[in-house]
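*Asks:* Here is a sequence with its predicted model. Questions after.
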Amino acid sequence: MELLCMEGAPRIQRAFPDPTLLSDHRVLQNLLHVEDRYIASTSYFKCVQKEIEPCMRKMVAFWMLEVCEEQKCEEEVFQLAMNYLDRFLSSVYTRKCHLQLLGAVCMFLASKLKETIPLTAEKLCIYTDNSITPEDLLNWEIIVLGKLKWDLSAITPNDFIEHILGKLAFPLSKLELIKKHSQTFIAMCATDFNFAMYPPSMIATGSIAASIRGLGISCSSLSEESLTELLAKITCTELDCLKACQEQIEAALEESLKQYQQQQEQTMSSKTVHEPDQTSTPTDVRDVNL
């Protein structure tokens, strides 16, 4: 007897990419036109925040990424949450003791917007070791929504990935691999405030370029230089700026790998009993080739 009513389907349903939207160049042009509206001020650590420093943002970003990965959230959830966090911090003075609470609220809002089954307030409080309460989370939710003017549909680098890859002449299997590695780079960039100066389209383009170079994938009809020029043309990006962004992404990955290796060595030297190996990098980058 055949199963009926989607009994054999996964519990959480994911939407498929819409080929009509991806093939319409007007969608990409609209994304490029409005992306600047959602970029936070890159000087808020100097002009607005007095207690919070970039290293604190990085720590809470790693924590937010770990929560999103453990809960198997959509890729957009972490990116949106970091966008909300930066936009809020660029306009509202925040005490450092409230930074994790702010991060939890941003994930709460982003999951509501993108997830079929969003993260619950109770679950997020558990991830903070119950240092906050559901009431704190709900009260701050209203505050953050007010400061963001209820404009939550921000443009993130992930919005450009499918549009860019659809214009590259690679086999489908190669495109899926490039997409996976590009999303890893994008998540890494979101944890590093040094990438806040770049618009989402440039981070997406630079991540794709870095993925193609790292994977050693070549296009029979284009040289590496021509491919970079094509990527810059697709997103109307200055070629020199794209190359600088790509080099910065590759340098950040190399530094992340070094830190991971050092942590592994320290862990191995301090182990007294056998424990399962766990990744402590901002995202699993061990399968990314330089």
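*Replies:* Sure thing, it's come through. This one's a predicted model, so the numbers in the text were calculated from it and none came from an experiment. Numbers count the residues shown, from 1 in each chain.
*Asks:* Not counting sequence-adjacent ones, nearest residue to Tyr93?
*Replies:* Leaving out its chain neighbours, the residue that sits closest to Tyr93 by C-beta to C-beta, 6 or more residues apart in numbering is Val48, at 5.9 Å. (Each C-beta comes from the backbone N, C-alpha and C, glycine too.)
*Asks:* give the contact list for that neighbour.
*Replies:* Counting by C-beta atoms under 8 Å, 6 or more residues apart in numbering, Val48 touches 41, 89-93.
*Asks:* Turn these into CSV, including secondary structure and neighbour count.
*Replies:* Shown next, in CSV, are these (DSSP: H, G, I helix; E, B strand; the rest coil; neighbours: other C-beta atoms under 10 Å):
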residue, secondary structure, neighbour count
Ser41, coil, 15
Leu89, helix, 21
Ser90, coil, 19
Ser91, coil, 14
Val92, coil, 15
Tyr93, coil, 11
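*Asks:* Please work out which residues outside the helix or strand containing Trp63 touch it.
*Replies:* Secondary structure from DSSP states H and E places Trp63 in helix 54-70. With contact meaning C-beta under 8 Å, 6+ apart, helix 54-70 is reached by 45, 77-78, 81-82, 85, 89, 96, 99-100, 102-103, 106-107, 119, 124, 127, 187, 190-193, 282-283.
*Asks:* When you filter the residues you listed down to buried only, what's left?
*Replies:* 45, 77-78, 81-82, 85, 89, 99-100, 102-103, 106-107, 119, 124, 127, 187, 190-193, 282-283 (16 or more other C-beta atoms under 10 Å).
*Asks:* burial measure for Glu141, as a count.
*Replies:* 17 (other C-beta atoms under 10 Å).
*Asks:* residues touching it, list them.
*Replies:* So Glu141 contacts 105, 108-109 (C-beta under 8 Å, 6+ apart).
*Asks:* Brilliant, that's me finished.
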